[in-house]
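> My questions concern the predicted model and sequence given below.
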Amino acid sequence: MVEKVLVTGGAGYIGAHACKALARAGFLPVTFDNLATGWADAVKWGPLVRGDLMDRASVDAAIAEHCPVAVLHFAALSLVGESMQDPARYWRVNVGGALNLLEACAKAGVRNFVFSSTCATYGDQDGVLLTEETPQRPINAYGGSKLAIELMLRDFGAAHGINHVIFRYFNVAGADPEGEIGEQHHPETHLIPLMLDAVAGKRPALTVFGTDYPTPDGTCVRDYVHVTDLAQAHVLGLQGLLAGRGNGVFCLGTGRGFSVREVIEASRMVTNREVPVVIGDRRAGDAAALVCSTTRALTDLGWDPQHSTLRQMIGDAWAWAQKPGFTS
Ligand SMILES: O=c1ccn([C@@H]2O[C@H](COP(=O)(O)OP(=O)(O)O[C@H]3O[C@H](CO)[C@H](O)[C@H](O)[C@H]3O)[C@@H](O)[C@H]2O)c(=O)[nH]1
């Protein structure tokens, strides 16, 4: 029988790409999503359960109906700027939702859990190459809420035997190279889709958030990773858990940072069009540079990212931007 995996946030950008990768690996992804920011159209590889993690009964019901071998937990609020303006919402939804989900797993005997954490748990660390061992010092409520869930997992693991893999994502970008799904947020806040909107004339310009950071060209440096590579890491993490390899924490990036100006330059090369740019102030909560070491993910997980060049990430996002997008 095909093994089911409960995917919270499976209708969202990263969750949907993970569902595609899971299906390709022989699992049946069961999406659990409230469709607050996700899209029913993006759920193509298994059933959609419309439910909210804040509603414990709907979580229990989904687990009881589908008996998943594992949970992949993507559903969360994930905008740094918004988390600075409304921290209560981030703490309530992210931590409260994860707590409900973990309690439901403990009660139902779901023993394998893959969690989407973030480089935002590190805070600003003077541009050092971040590893899984780097002390975490979040500087925004989003990162704080994700770190709290990492700690929650440690405790649930010890008390209830929930084996877990924690992935700390760096900057996820691009779209399905086969064009079936891609990034679509309302409102959009991420650099690459905003930049491509400006290129396509859907927005007047891209605002560069700060040019006075202590980085080589003064703009923020980020480690961009292709969403399809990231999704594949989840399959490997899940297979490791099911094979009994135990808990793990992995940074998912490429080990190479690019500044906002470098991303703009790469876009010019890929699209053959200029990016209209205005220079703005720094955005609250942004760290100057976030780049990770890939050693552990490559070695211990056997991860082999194939798509994570800036050229392909921008190219796939650009191809997706030409499509009509999701409507429901
Ligand atoms: O209009 C924009 C949008 C972004 N940026 C800059 O581009 C870089 C990337 O910004 P994104 O908003 O695309 O990504 P973030 O680095 O803020 O966020 C990403 O990393 C975060 C951790 O820091 C979270 O994990 C979050 O979910 C994830 O999207 C940042 O330096 C940002 O200041 C701009 O200059 N102009």
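Nice, thanks for sending it over.
> isn't Gly15 right next to Leu35, touching?
No - counting by C-beta atoms under 8 Å, Gly15 stays clear of Leu35, with 11.7 Å between them. Where you see a C-beta, it was placed from the backbone N, CA and C, and this is true even at glycine.
> Between the two, tell me which one has more neighbours.
Remark: of Gly15 and Leu35, Gly15 carries more neighbours, 27 against 17, as counted by other C-beta atoms under 10 Å.
> Just confirm the more buried one is within a helix.
Yes - assessed by DSSP: H, G, I helix; E, B strand; the rest coil, Gly15 belongs to a helix.
> Where does this protein get nearest to the ligand, residue-wise?
With C-beta to the nearest ligand atom, the shortest gap between the chain and the ligand falls at Cys220, namely 2.9 Å.
> neighbours of that residue, just the number please.
Around Cys220 there are 26 other residues, counting by other C-beta under 10 Å.
> Next, it: phi, psi?
Note on Cys220: its backbone torsions stand at phi -60, psi 150 [degrees, to the nearest 10].
> close enough to count as contact, it and Gly210?
Yes - counting by C-beta under 8 Å, Cys220 sits close enough to Gly210 to count as a contact (6.8 Å).
> so what sits against both of these two?
Residues touching both Cys220 and Gly210 (C-beta atoms under 8 Å, 6 or more residues apart in numbering): Asp286.
> Not counting residues beside it along the chain, what's closest to Gln232?
Among residues not flanking Gln232 along the chain, Ala21 sits closest, at 5.4 Å (C-beta to C-beta, 6 or more residues apart in numbering).
> If we go by neighbour counts, what in whatever helix or strand that neighbour lives in is buried?
Per DSSP states H and E, Ala21 falls inside helix 13-24. With burial defined by 16 or more other C-beta atoms under 10 Å, the residues of helix 13-24 counted as buried are 13-23.
> Could you dump these into JSON lines with pLDDT added?
Formatted as JSON lines, the buried residues of helix 13-24 follow (pLDDT from 0 to 100):
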{"residue": "Tyr13", "pLDDT": "98"}
{"residue": "Ile14", "pLDDT": "98"}
{"residue": "Gly15", "pLDDT": "98"}
{"residue": "Ala16", "pLDDT": "98"}
{"residue": "His17", "pLDDT": "98"}
{"residue": "Ala18", "pLDDT": "99"}
{"residue": "Cys19", "pLDDT": "99"}
{"residue": "Lys20", "pLDDT": "99"}
{"residue": "Ala21", "pLDDT": "98"}
{"residue": "Leu22", "pLDDT": "99"}
{"residue": "Ala23", "pLDDT": "98"}
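> CSV for those residues, including distance to Arg245?
Putting those into CSV (distance: C-beta to C-beta, whole Å) gives the following:
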residue, distance to Arg245
Tyr13, 28
Ile14, 23
Gly15, 23
Ala16, 26
His17, 23
Ala18, 19
Cys19, 23
Lys20, 24
Ala21, 19
Leu22, 18
Ala23, 22
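> Return the closest of the residues you listed with respect to Leu236.
Checking the buried residues of helix 13-24 against Leu236 by C-beta to C-beta gives Ala21 as the nearest, at 9.6 Å.
> what sits against Ile149?
94-95, 98, 115, 117.
> For it, grab phi and psi.
Torsion angles, degrees, to the nearest 10, at Ile149: phi -70, psi -40.
> Now do it, the pLDDT please.
pLDDT, Ile149: 98.
> ok, it to Leu310 distance?
According to C-beta to C-beta, to the nearest Å, Ile149 stands 30 Å off from Leu310.
> swap in Ala88?
For Ala88, the distance to Leu310 - C-beta to C-beta - is 36 Å.
> could I get stretch 3-15 in PDB with only the CA atoms?
Extracted C-alpha coordinates of stretch 3-15, given in PDB (Å, rounded to 0.1, in the frame of the first residue of the first chain):
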ATOM      1  CA  GLU A   3       2.400   5.300   2.400                       C
ATOM      2  CA  LYS A   4       0.600   8.500   3.200                       C
ATOM      3  CA  VAL A   5       2.400  11.600   4.400                       C
ATOM      4  CA  LEU A   6       0.500  14.500   6.000                       C
ATOM      5  CA  VAL A   7       1.800  17.800   4.500                       C
ATOM      6  CA  THR A   8       0.700  20.900   6.400                       C
ATOM      7  CA  GLY A   9       0.800  23.800   4.100                       C
ATOM      8  CA  GLY A  10       0.900  21.600   1.100                       C
ATOM      9  CA  ALA A  11      -1.000  24.200  -0.900                       C
ATOM     10  CA  GLY A  12       1.700  26.800  -0.400                       C
ATOM     11  CA  TYR A  13       4.800  27.500  -2.400                       C
ATOM     12  CA  ILE A  14       7.300  25.100  -0.800                       C
ATOM     13  CA  GLY A  15       4.800  22.600   0.500                       C
END
